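Visitor: Structure for the following, please:
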Amino acid sequence: MLFQERENFILQQLQLQSTVKVSELSHQLHISVDTVRRDLKAMEQNGLIRCVRGGACLPECRVLFSDFTGREIIHSDLKREAACKALAHIKEGSVVALNSGTTNTIVAQEMVAAGLHCTVVTNNCAALNVLMQSSTIRVIAIGGMLDAQERSTYGSICEQDFSQFYPDLVLLSINAINYKDGYTDFRMNEVGVIQLLASRGRQVVAVMDSSKLGQCSKCKVLAPEQVDFVVMDDHVPSEIREKYQKKGIQIL
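Guide: Numbering: from 1, shown residues only. Have a look, this model is predicted:
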């Protein structure tokens with residue numbers, strides 16, 4: 001197997017899980033441990049991966065853990081592509097819940113642009129600012145403690161307010177996914193909100209751009225079976241979609 005083929009295989013594995021091990025790659029690729037280490041070092045020098053003790057992971061994307069403003073401008077085209085696909089699952093007159101996050105703010109922009117007729121329940125202050133421009137969307141703002149950095153509300157009051165609703169559709173903006181760890185996020189204030197909404201929605205959909213694949217964030221928030229499917233942009237290879245499908249994660 002040529003280096004380019006091995007490189008592609010390693011990158012594929014990293015889209016599925018957050019790390020790869022030298023010993024496992026040696027077995028899977030039928031090459032020596034020394035060859036694996038040389039391959040990983042070459043890939044690291046090209047900026048494709050980051051070598052860690054005993055293996056490698058994807059380069060730590062600083063924007064993954066940055067504030068709202070920093071994330072807002074990164075991968076915005078991919079987020080918008082995913083957001084547009086999410087709109088196909090919103091039925092007229094339905095109640096839609098949005099949690100905080102830059103992707104759901106873009107979802108709100110697309111909802112307003114499409115002139116949808118529905119009700120939105122959200123703790124996402126940035127999305128609220130957008131939704132106020134619509135004359136066809138009924139908006140219910142969820143209260144609570146204010147997280148100025150994330151432009152959202154959180155805490156017991158927030159979760160109590162959300163608990164009054166059983167949304168037809170929950171659209172979740174989540175920070176990372178891989179098929180070993182499930183759904184993870186670094187926003188500790190948002191964990192309770194995500195878990196509550198996932199337990200109450202008639203249909204639960206994660207809206208994520210493809211840069212989130214294979215990533216692992218600070219805290220596990222949901223298992224694969226707690227989300228009906230993931231809506232992503234079209235930059236996910238079919239073979240990766242199939243492998244996630246086998247692990248119970250459907251990517252549309």
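Visitor: give me the low-pLDDT residue ranges for the protein?
Guide: Residues of the chain that meet the criterion pLDDT under 70 lie in 60-74.
Visitor: what about 50?
Guide: Along the chain, the model assigns pLDDT under 50 to residues 62-63, 70.
Visitor: part of a helix, is residue 180?
Guide: No. Counting by DSSP: H, G, I helix; E, B strand; the rest coil, residue 180 is not found in a helix; it is coil.
Visitor: That one and residue 18 touch, don't they?
Guide: Yes. The pair residue 180 and residue 18 qualifies as a contact (Cβ atoms under 8 Å) at a distance of 6.8 Å. C-beta coordinates here come from the backbone N, C-alpha and C atoms, glycine included.
Visitor: Which of the two has more residues huddled nearby?
Guide: Taking neighbours as other Cβ atoms under 10 Å, residue 180 and residue 18 compare with residue 18 leading, 18 against 11.
Visitor: The more buried one - nearest residue in space that isn't next to it in sequence?
Guide: Of all residues beyond its chain neighbours, the one nearest residue 18 is residue 216 (3.6 Å), with distances taken as Cβ to Cβ, 6 or more residues apart in numbering.
Visitor: what's around residue 107, how many residues?
Guide: 30.
Visitor: so residue 20 is in which element?
Guide: strand 19-21 (DSSP states H and E).
Visitor: got the contact list for that strand?
Guide: Contacts to strand 19-21, defined as Cβ atoms under 8 Å, 6 or more residues apart in numbering, come from residues 10, 13, 14, 52, 54, 55, 56, 57, 216.
Visitor: Break this protein down into its structural domains.
Guide: With domains defined by automatic domain parsing, the chain comprises 3-59, 64-246.
Visitor: Would you format these as JSON lines with distance to residue 252 included?
Guide: JSON lines is the format used below for these (distance: least, Cβ to Cβ, whole Å):
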{"stretch": "domain 3-59", "distance to residue 252": "16"}
{"stretch": "domain 64-246", "distance to residue 252": "5"}
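Visitor: among these, which is the most enclosed?
Guide: domain 64-246 (a mean of 19; mean count of other Cβ atoms under 10 Å).
Visitor: next one: it to chain centre, how far?
Guide: 8 Å (Cα atoms, centre = their mean, to the nearest Å).
Visitor: how near is residue 121 to residue 180?
Guide: 32 Å (Cβ to Cβ, to the nearest Å).
Visitor: Who is residue 98 paired with across the strands?
Guide: Counting by DSSP bridges, residue 98 is bridged to residue 122, residue 171.
Visitor: shouldn't it be in contact with residue 122?
Guide: Yes. The pair residue 98 and residue 122 passes the contact test of Cβ under 8 Å, sitting 4.2 Å apart.
Visitor: Overlap in contacts, the two.
Guide: Shared contacts of residue 98 and residue 122, defined by Cβ under 8 Å, 6+ apart, comprise 104, 108.
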